[in-house]
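In: Pasting the sequence and the predicted model now:
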Amino acid sequence: QELSQACFRPGFCPERYLTQGKETLWNVRVVLVPPAPYLPAAVRAKLIAWVQGGGTLITLGPFATHDAYGNSVAAPLAVSAPGKITPRGAGCHVSLAIQGTPDQIAEAVVQAVSDAVGERAVTATDRRLELMLRHVAGPRYVLIALNRDPRSRVAGRVAVRGDFQAITDMTVEECMPVPLRRNAGTCEIPVDLAPGEGRAFILE
C-alpha cells in the first residue's frame, strides 16, 4: 500500500512462476523480497543472475541464510551493513534491517525503492493519487490518475517528465483540452478528483 501511495506500481511474483518460467525478471528494475531465511536453490540462482545482470534487489531481514532443514548456510549475497548498497556485477543488493515501527519500516522500503528507481517519469503532489503512465504510439502517452481515498476529494498537480505540446482529458465528453504548465523539463497537469474517481489523459 505504501508503495502504491508513493506512485509505484508493485507487482507480485510467486516463486514457482520463476522456477517454471511463467515469469521473468529481465523487464523489472527492482525486486523486493520479504524476510526469507530459506529460498529454493532455483529461485536463488535466478535472483542472483538477475542482480548480476543489472537489477536491484532489496531484501528485508535475512535472505537465504538457512537450508530447508534450518541449518545455517553461507549467504549468497552478503552485505557490508544493513541499508548500504552493495554492488553485484552490473546490479546491486540493498539489505534493510527490520527495525522500528511498521511505519518506519515501510518508509525505509519506499525510500530504498525510490533510490533504486531514481528520477521517475510521473509524480504527484498528493500521495493519495495513484498514477499509471503508458506509451501508446509515437509521441503519445496515456496517463491515468486515480483518487484512492474513498472519503475525501483530492486536488493537486501531476508532473510528467517530457516536453508535451497538448494534453486531453479523455474522460470528459468531447475530450476537453487540459491547461498545462511547463517547468524544468516537466509538464504539470491540474487534477481535482472526487473520492474513488479516476481520469485518463492523452499526452502528445
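Out: Happy to help now that I have it.
In: so where do the strands sit in this protein?
Out: 30-33, 56-60, 85-88, 91-96, 122-124, 129-137, 140-147, 154-161, 167-169, 176-177, 181-183, 186-193, 198-203 (DSSP state E).
In: Tell me which strands the longest one pairs with, and in which orientation.
Out: Partner strands and pairing direction for strand 129-137 (DSSP bridges) are strand 140-147 (antiparallel).
In: Pull the distance from the partner strand to the chain's centre.
Out: 16 Å (C-alpha atoms, centre = their mean, to the nearest Å).
In: Give me the buried stretch members for that strand, please.
Out: 141, 143, 145, 146, 147 (16 or more other C-beta atoms under 10 Å). Every C-beta, even on glycine, is put in place using the N, C-alpha and C of the backbone.
In: what's the answer for stretch 184-202, then?
Out: Per 16+ other C-beta under 10 Å, stretch 184-202 contains these buried residues: 186, 187, 189, 191, 193, 199, 201, 202.
In: Distance check, the third one against residue 149.
Out: In this structure, residue 189 lies at 19 Å from residue 149, with C-beta to C-beta, to the nearest Å as the measure.
In: With residue 14 instead?
Out: 30 Å.
In: Over to residue 159?
Out: From residue 159 over to residue 149 (counting by C-beta to C-beta), the distance is 20 Å.
In: and if you look at residue 29?
Out: 28 Å.
In: neighbour-wise, which of those two wins?
Out: A direct count of neighbours by other C-beta atoms under 10 Å for residue 29 and residue 149 places residue 149 higher, at 18 against 13.
In: Can you tell me, leaving aside adjacent residues, what's nearest to the more buried one?
Out: Leaving aside its sequence neighbours, residue 149 sits nearest to residue 128 (C-beta to C-beta, 6 or more residues apart in numbering; 4.5 Å).
In: Now do the contacts for that neighbour.
Out: 5, 147, 148, 149, 152, 154 (C-beta atoms under 8 Å, 6 or more residues apart in numbering).
In: Kindly recompute the last result at 7 Å.
Out: Residue 128 is in contact with 5, 147, 148, 149, 154, counting by C-beta atoms under 7 Å, 6 or more residues apart in numbering.
In: ok, residue 87 to residue 8 distance?
Out: Distance, residue 87 to residue 8, by C-beta to C-beta: 23 Å.
In: Could you do residue 43 as well?
Out: 23 Å.
In: could you dump the longest helix belonging to the chain to CSV, C-alpha only?
Out: In the chain, taking DSSP state H as the definition, the longest helix is helix 102-117. The C-alpha trace of helix 102-117 is given here as CSV (Å, rounded to 0.1, in the frame of the first residue of the first chain):
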residue,chain,number,x,y,z
PRO,A,102,5.8,-0.6,11.0
ASP,A,103,5.5,2.9,9.6
GLN,A,104,9.3,3.4,9.9
ILE,A,105,10.0,0.1,8.1
ALA,A,106,7.5,1.0,5.4
GLU,A,107,9.1,4.4,4.9
ALA,A,108,12.6,2.8,4.7
VAL,A,109,11.3,0.4,2.0
VAL,A,110,9.7,3.3,0.0
GLN,A,111,13.0,5.3,0.3
ALA,A,112,15.1,2.3,-0.9
VAL,A,113,12.8,1.7,-3.9
SER,A,114,12.9,5.4,-4.7
ASP,A,115,16.7,5.5,-4.6
ALA,A,116,16.9,2.4,-6.8
VAL,A,117,14.4,3.7,-9.4
